[in-house]
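Visitor: Need a 3D model of the following:
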Amino acid sequence: MTTITARLNYMRDTLLGPIAKSVKCTVVITPITPGAFQVQVLSPVPDDLHKAHSLTISPSPGQHLTGTVADTRLLENGDLEMQIDV
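Guide: Just a heads-up that it's a prediction; the model follows:
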């Protein structure tokens, strides 16, 4: 398991419309299929990240992974596991 620090830009819907947020987190990125990947965000996790509907991960300058959040799961250790469809 290789951990990296990455910038996460995400959108979440609210009653007042979509809100864009950005945060730096420690993550583990794992390819699942050619059209999907898994992101494990290591604790501490932003309070509202599990409500995100789209996510862009910037592991390094000029490199971006973008997709729609298909599923989220809070793990027992406080980490957040997200499946992202591209």
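
Visitor: And the strands in this protein, which stretches?
Guide: 4-14, 17-33, 36-41, 54-60, 63-74, 80-85 (DSSP state E).

Visitor: got a pLDDT number for the residue of the chain positioned farthest from its centre?
Guide: Most distant from the centre of the chain: residue 16, at 22.4 Å, with distances by Cα atoms, centre = their mean. In this model, residue 16 is scored at 91, pLDDT.

Visitor: again with the one 5 residues further on
Guide: pLDDT recorded at residue 21 is 96.

Visitor: Next, the contact list for residue 27, please.
Guide: 3, 4, 5, 6, 8, 39, 40, 41, 42, 57, 59 (Cβ atoms under 8 Å, 6 or more residues apart in numbering). Where C-beta positions appear, they are placed from N, C-alpha and C, glycine not excepted.

Visitor: Run a quick neighbour tally on the nearest residue to the last one once chain neighbours are set aside.
Guide: Residue nearest to residue 59 in three dimensions, not counting chain neighbours: residue 6, with 4.4 Å by Cβ to Cβ, 6 or more residues apart in numbering. Using other Cβ atoms under 10 Å, residue 6 is surrounded by 21 other residues.
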